[in-house]
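Trainee: dropping the sequence and predicted coords here.
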Amino acid sequence: MTKPRPLNVPELLTPAEVADIFRVDPKTVTRWAKAGKLRCIKTVGGHRRYFREDFIALLKEEGK
């Protein structure tokens with residue numbers, strides 16, 4: 001059984017998860033972040049994580 005997430009913690013996605021949904025390469029997701037299309041944070045290990053709400057907004061924008 002998984003623990004419920006605290007309400008104030010944003011859901012974060014890996015580059016691979018975002019790439020799978022958009023059907024693009026993870027490097028494309030990194031380029032989108034560098035271009036300002038998606039916000040990301042970097043983990044202590046230097047890995048990027050993307051905010052779920054930004055990803056949803058981009059999906060809606062691309063769907064227009």
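Mentor: Nice, I can see it.
Trainee: let me see the contact set for residue 12.
Mentor: Taking CB atoms under 8 Å, 6 or more residues apart in numbering, we find residue 12 in contact with 41, 49-52. Backbone N, C-alpha and C define where each C-beta goes, glycine included.
Trainee: contacting residues for residue 16?
Mentor: Under the criterion of CB under 8 Å, 6+ apart, the contact partners of residue 16 comprise residue 26.
Trainee: quick one on the thing from earlier: tell me which entries of the contacts of residue 12 lie within strands.
Mentor: Under the assignment DSSP state E, the contacts of residue 12 contribute 41, 49-51 to strands.
Trainee: list only those of these flagged as buried.
Mentor: 49-51 (16 or more other CB atoms under 10 Å).
Trainee: from those, which shows the smallest pLDDT?
Mentor: In terms of pLDDT, the least confident member of these is residue 51, at 91.
Trainee: adding distance to residue 13, write the ones in strands among the contacts of residue 12 out as JSON lines.
Mentor: Rendered in JSON lines, the data for those read as follows (distance: CB to CB, whole Å):
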{"residue": "41", "distance to residue 13": "11"}
{"residue": "49", "distance to residue 13": "7"}
{"residue": "50", "distance to residue 13": "5"}
{"residue": "51", "distance to residue 13": "8"}
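Trainee: identify, from those residues, the entry nearest to residue 33.
Mentor: Ranking these by separation from residue 33, with CB to CB as the measure, puts residue 50 on top at 7.1 Å.
Trainee: so the closest one sits against residue 15, correct?
Mentor: Yes: using CB atoms under 8 Å, residue 50 makes contact with residue 15 at a distance of 7.1 Å.
Trainee: can you list residues touching both of the two?
Mentor: Each of residue 29 lies in contact with both residue 50 and residue 15 under the rule CB under 8 Å, 6+ apart.
Trainee: find the residue at the geometric middle of this protein.
Mentor: For the chain, the residue whose C-alpha lies nearest the mean C-alpha position (CA atoms, centre = their mean) is residue 50; its distance is 2.7 Å.
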